[in-house]
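Engineer: No sequence on hand, only this structure:
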């Protein structure tokens with residue numbers, strides 16, 4: 001029997017395999033997927049692309065610009081590309097560029113990726129390779145990508161906070177300048193009408209008066225900018241039902257409510273109010289060992305702007321009352337609205353459930369922040385208030 005030549009059969013198989021390849025200019029029926037890790041920085045960015053099997057097919061360093069990213073990923077984007085980008089200040093802009101090139105984008109928190117955060121070999125090339133490989137394996141903690149409206153609110157609120165901080169720093173500078181000449185200003189003095197004119201009448205040198213006139217102009221400009229931003233934000237708050245629900249909580253104003261709404265963006269990400277308050281870092285720390293459990297101060301993790309402004313709301317709630325005697329409005333809300341939100345009610349729709357999670361999370365955040373200031377909103381105080389109210393109603 002005549003045997004086949006092994007070389008000939010191999011050659012035939014190679015020809016057959018080549019015939020299976022798509023003809024040039026003809027679309028391939030096979031879906032090719034690639035994974036990219038992008039370590040983006042202000043001036044330059046490193047891109048690493050791997051295929052389904054983890055083989056590195058491309059790596060480059062490009063300028064952080066629209067043209068640079070186009071040159072770095074366009075070839076792979078047309079063949080199906082998913083990219084992982086570290087969260088940073090320029091991430092929203094990078095994500096918009098990649099999405100315009102039909103790239104699926106996954107934003108990750110590098111601090112929660114141990115291979116990157118704890119790596120002793122810290123280099124952009126290594127970080128990009130690690131991101132691409134972990135993305136291929138599905139081992140990256142994804143970060144929520146905020147909507148355009150949420151990003152707008154966050155930006156406006158952030159600019160307002162910075163302006164308020166600059167005005168506060170300017171006021172402290174004026175205090176220090178006058179203290180050197182024996183003039184001590186009371187609290188919130190510069191915000192009063194006609195306060196700057198009173199300073200010129202003090203017994204201070206002429207060059208200090210000239211400096212005060214210069215600082216007064218800057219102070220007035222900052223105040224005007226803060227006022228304009230505040231009007232714009234209050235207008236946006238009046239158009240949002242979520243803000244109105246949150247403002248029903250005693251001590252919560254439009255800015256506090258807008259800060260929480262913009263930070264949360266989509267409340268459906270959280271199934272319970274406790275998850276949302278934990279996301280904002282306004283939950284007590286817990287140390288548990290065996291049968292012993294000890295709770296401490298708040299964790300201070302997550303959204304720092306939410307913590308800052310909701311703790312201010314708790315302070316405003318506590319300032320006009322004794323620490324051990326909270327406002328009647330707060331106790332009425334705690335004894336009536338909060339339990340209904342906590343247990344829910346039959347027939348509640350999806351929108352009501354979302355409002356309930358958001359409002360209850362806001363109340364829990366305020367209650368925890370109030371505890372930091374010494375204001376008691378616990379169950380015993382609420383029960384005592386209910387008893388006092390029932391006695392008054394019987395009378």
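Structural biologist: Structure's in. What do you need? Keep in mind the model is a prediction, meaning the values are calculated, not measured.
Engineer: Could you double-check that residue 143 lies in contact with residue 111?
Structural biologist: No - Residue 143 is beyond contact range of residue 111, at 10.6 Å (criterion: CB atoms under 8 Å). C-betas here are computed from N, CA, C, even on glycine.
Engineer: out of the two, which sits in the busier spot?
Structural biologist: More crowded of residue 143 and residue 111, by other CB atoms under 10 Å: residue 143, with 16 against 11.
Engineer: can you pull the contacts of the more buried one?
Structural biologist: Taking CB atoms under 8 Å, 6 or more residues apart in numbering as the criterion, residue 143 is in contact with 87, 107, 108, 109.
Engineer: Check residue 125 too.
Structural biologist: By CB under 8 Å, 6+ apart, the contact set of residue 125 is 46, 48, 59.
Engineer: swap in residue 262?
Structural biologist: Applying CB under 8 Å, 6+ apart to residue 262 gives the contacts 150, 153, 154, 157.
Engineer: so for the helix or strand harbouring residue 67, what's the average pLDDT?
Structural biologist: If you go by DSSP states H and E, residue 67 is part of helix 66-77. The average pLDDT for helix 66-77 rounds to 92.
Engineer: so after that helix, what's the next helix or strand?
Structural biologist: strand 81-86.
Engineer: buried set for that next one?
Structural biologist: 81, 82, 83, 84, 85, 86 (16 or more other CB atoms under 10 Å).
Engineer: bridging residues for the fourth one?
Structural biologist: In this structure, residue 84 has beta-bridge partners residue 37, residue 106, where bridges are defined by DSSP bridges.
Engineer: Run a quick check on it versus residue 135, I expect a contact.
Structural biologist: Yes - the pair formed by residue 84 and residue 135 meets the contact definition of CB under 8 Å, at 4.2 Å.
Engineer: Touching both of the two, which residues are there?
Structural biologist: With CB under 8 Å, 6+ apart applied, the overlap between the contact sets of residue 84 and residue 135 consists of 35, 36, 37, 106.
Engineer: From those, pick the one nearest residue 75.
Structural biologist: The closest of the shared contacts of residue 84 and residue 135 to residue 75 turns out to be residue 36 (CB to CB; 11.2 Å).
Engineer: What sits closest to that closest one if chain neighbours are left out?
Structural biologist: Distances taken as CB to CB, 6 or more residues apart in numbering place residue 83 nearest to residue 36, at 4.1 Å, with adjacent residues excluded.
Engineer: the strands in this structure, which residues?
Structural biologist: Remark: strands assigned in the chain by DSSP state E are 34-40, 44-50, 56-63, 81-86, 104-108, 284-289, 292-298.
Engineer: hey, which of these is tucked in deepest?
Structural biologist: Stretch with highest mean neighbour count among the strands of the chain: strand 34-40 (a mean of 26; mean count of other CB atoms under 10 Å).
Engineer: and the angle for it with strand 81-86?
Structural biologist: Relative orientation of strand 34-40 versus strand 81-86 (axes from the mean of the first three to the mean of the last three CA atoms, to 10 degrees): 30 degrees.
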